[in-house]
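Q: Everything below, folded, please.
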Amino acid sequence: MIPEDSSQILAIGKASTALVRVLTAKSRQLVLVDPDPTKLQEVKTKLPKLTCIGADVQKLPFDSGRFQAVVSTGPTSECCEPDALYEIARVLSPNGQFVSHNIARDDTVPWVRRLGAIIRRVDPTAMSAQDSMERLNSVASNPYFKKLQTKQFRLWIPILITDLLKQINANPKVREMDELHRTKLNAEVSDLYNGIVRGNTLMLPYQITCARAAVNAFGSRPKKPKNEAGFSISFG
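A: Below you'll find the model as predicted:
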């Protein structure tokens, strides 16, 4: 969903090497922004020619109207806050595009729905795509953007029981449980997993929603001066 004629692209959040190469192929200049210098150095080590800037998405240190496209490569929540959308709209050129995505477990699959019901007894917000979709919808209702377009894909990922339990036990609410109740939770998830897998590799389905919105070239498009809070990552 990234426009083909984007001469300058701003990528927000840590991006994989593969994604950076895709974006580079679509742009004469790609700039990567992340507030964590450690993450930026990891990317810069693999791609030394990439321009990396340390900055918060809510305080982008760029001139207004600089980029033809802004791509969110990290968590959707960071870019869909009102102050972040303001800044993204500001640095986009007229009719520039904001591209984002959301990844959530696909609970239309029966066993995933059963897994979600188990985990939501501990954390009612766990494994729910609703909050993430609401963040994407916040772009559609934002006065700085128009014409939100979405495409959905399903991705199946093989997962072992050890990896599934690791994901579940990383949940903050699960970590707060006492050992006895956490052991019972893990046993219930293991029973569900083993009852389905029957010697085969279990495939965990994800629903991927890609969204694209054009900046509002007229009316309430923000025009405040650029922020200065930022640092660059270089090797020399």
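
Q: which stretches of the chain have low pLDDT?
A: Applying pLDDT under 70 to the chain flags the ranges 1-6, 14-17, 74-77, 127-135, 198-199, 217-236.

Q: could you pull out the strands for it?
A: 8-12, 29-33, 51-54, 67-72, 92-105, 145-159, 202-215, 231-233 (DSSP state E).

Q: mind checking which of the ones you listed is nearest E179?
A: Of all those, it is strand 145-159 that lies closest to E179, at 24.3 Å by C-beta to C-beta. Where you see a C-beta, it was placed from the backbone N, CA and C, and this is true even at glycine.

Q: hmm, what's the outermost residue in the chain?
A: L180 (34.4 Å; C-alpha atoms, centre = their mean).

Q: what's near enough to touch the residue nearest to E81 when sequence neighbours are not counted?
A: Spatial nearest neighbour of E81, excluding adjacent residues (C-beta to C-beta, 6 or more residues apart in numbering): Q58 at 6.8 Å. Contacts for Q58 (C-beta atoms under 8 Å, 6 or more residues apart in numbering) come out as E81, D83, A84, Y86, E87.

Q: Select from the residues you listed the one having the most neighbours.
A: E87 (28 neighbours; other C-beta atoms under 10 Å).

Q: Pretty sure that residue sits against L60.
A: Yes: if you go by C-beta atoms under 8 Å, E87 and L60 touch, sitting 4.6 Å apart.

Q: just to revisit the earlier point, please convert the strands of the chain to TSV, extending it with distance to R121 and mean neighbour count.
A: Shown next, in TSV, are the strands of the chain (distance: least, C-beta to C-beta, whole Å; neighbours: other C-beta atoms under 10 Å):
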stretch	distance to R121	mean neighbour count
strand 8-12	35	25
strand 29-33	39	22
strand 51-54	41	19
strand 67-72	32	26
strand 92-105	16	21
strand 145-159	21	13
strand 202-215	20	18
strand 231-233	44	15
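
Q: Export the lengthiest helix in the chain to PDB, keeping only CA atoms.
A: What stands out as the longest helix in the chain, according to DSSP state H, is helix 179-197. Only the C-alpha atoms of helix 179-197 are listed here, as PDB (Å, rounded to 0.1, in the frame of the first residue of the first chain):
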ATOM      1  CA  GLU A 179       2.700 -19.900  41.100                       C
ATOM      2  CA  LEU A 180      -0.200 -22.300  41.800                       C
ATOM      3  CA  HIS A 181      -2.700 -20.400  39.600                       C
ATOM      4  CA  ARG A 182      -0.100 -19.700  36.900                       C
ATOM      5  CA  THR A 183       0.700 -23.500  36.800                       C
ATOM      6  CA  LYS A 184      -3.000 -24.300  36.400                       C
ATOM      7  CA  LEU A 185      -3.300 -21.800  33.600                       C
ATOM      8  CA  ASN A 186      -0.300 -23.200  31.700                       C
ATOM      9  CA  ALA A 187      -1.700 -26.700  32.100                       C
ATOM     10  CA  GLU A 188      -5.100 -25.700  30.700                       C
ATOM     11  CA  VAL A 189      -3.400 -24.100  27.700                       C
ATOM     12  CA  SER A 190      -1.200 -27.200  27.200                       C
ATOM     13  CA  ASP A 191      -4.300 -29.400  27.300                       C
ATOM     14  CA  LEU A 192      -5.900 -27.300  24.600                       C
ATOM     15  CA  TYR A 193      -2.800 -27.300  22.500                       C
ATOM     16  CA  ASN A 194      -2.200 -31.000  22.800                       C
ATOM     17  CA  GLY A 195      -5.800 -31.800  22.000                       C
ATOM     18  CA  ILE A 196      -5.600 -30.000  18.700                       C
ATOM     19  CA  VAL A 197      -2.000 -30.700  17.500                       C
END
